[in-house]
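Visitor: Okay, here's the prediction I keep looking at, along with the sequence it came from:
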Amino acid sequence: MNRKLFTGKIMIQGLVLVLLVGSAAAAAAQGEPYLELMRKDLQTEKVAVMTEAMQLTEEEGTVFWPIYREFQTKLSAIGDRRIAMIKDYAENFADIDAEKAGEMTSAWFKVQEDRLSLLKKTAKKIGKDIDPTVAMRFVQVENAINLAIDLQVASEIPLLQ
């Protein structure tokens, strides 16, 4: 596949992910069932992006996809903590004192550390079970997706005054 065409397709799919994340912020305001539907749509789109970008052989895919599903399950649990933090922030935004700010900052760093740790462990497993090149490609794609999601989420959250 032409590299520019491939990159363009990934960028378009990435934009779809960003739009889904933006919709997830509105979904949070409408309640848990709607938020869960948006998360499922996001995960489906993420798998489509990953499938397109990874370009795995059938043999590699047989090893990769179970590892990826385990990764995604653990990442979703970290995402649940992140959503809880955002809800906590929204509910307490007007009354966040120094102590609460410190707690929230520590929780944010823990989520980031856990996400990075999971990515490292998964990349190591992919590198060992398949190939370091496939692991690197996974890290690149996952990082690009997460950067797009993080940017959208950050743009939706007002700065603490």
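Guide: The structure has been received and is ready for your questions.

Visitor: use CA for all of it now, contacts and neighbours both
Guide: Noted.

Visitor: now for the helix or strand hosting D80, which elements pack on it?
Guide: Under the assignment given by DSSP states H and E, the secondary-structure element containing D80 is helix 58-92. For helix 58-92, the contact count by 3 or more CA pairs under 8 Å, 6 or more residues apart in numbering; DSSP states H and E identifies helix 98-129 as packing neighbours.

Visitor: buried residues in the helix it packs on?
Guide: Applying a neighbour-count criterion of 16 or more other CA atoms under 10 Å, one finds M104, W108, V111, R115, L118, L119, T122, A123, K124, K125, I126, G127 buried in helix 98-129.

Visitor: lowest average confidence, helix or strand, in this protein?
Guide: For the chain, the helix or strand with the lowest mean confidence is helix 3-30, at a mean of 48 (criterion: mean pLDDT, DSSP states H and E).

Visitor: From K46, how far out is the spatially most central residue of the chain?
Guide: For the chain, the residue whose C-alpha lies nearest the mean C-alpha position (CA atoms, centre = their mean) is N146; its distance is 4.4 Å. For N146, the distance to K46 equals 10 Å [CA to CA, to the nearest Å].

Visitor: which residues of this structure score low on pLDDT?
Guide: Low-confidence segments of the chain, defined by pLDDT under 70: 1-41.

Visitor: same thing but at 90, please
Guide: Low-confidence regions of the chain, defined here as pLDDT under 90, cover residues 1-49, 52, 76, 79-80, 82-96, 100-101, 144-161.

Visitor: closest to R137 among the buried residues of helix 98-129?
Guide: Ranked by distance to R137 (CA to CA), the buried residues of helix 98-129 are led by A123 at 9.3 Å.

Visitor: residues touching that closest one, list them.
Guide: With contacts defined as CA atoms under 8 Å, 6 or more residues apart in numbering, the neighbours of A123 are A135, M136, F138, V139.

Visitor: Next, work out how far apart it and T44 are.
Guide: If you go by CA to CA, the gap between A123 and T44 works out to 21 Å.

Visitor: one step back: got the buried residues of helix 98-129 as JSON lines, with distance to D95 columns?
Guide: Conversion of the buried residues of helix 98-129 to JSON lines gives the following (distance: CA to CA, whole Å):
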{"residue": "M104", "distance to D95": "13"}
{"residue": "W108", "distance to D95": "18"}
{"residue": "V111", "distance to D95": "23"}
{"residue": "R115", "distance to D95": "28"}
{"residue": "L118", "distance to D95": "33"}
{"residue": "L119", "distance to D95": "35"}
{"residue": "T122", "distance to D95": "39"}
{"residue": "A123", "distance to D95": "41"}
{"residue": "K124", "distance to D95": "43"}
{"residue": "K125", "distance to D95": "44"}
{"residue": "I126", "distance to D95": "45"}
{"residue": "G127", "distance to D95": "47"}
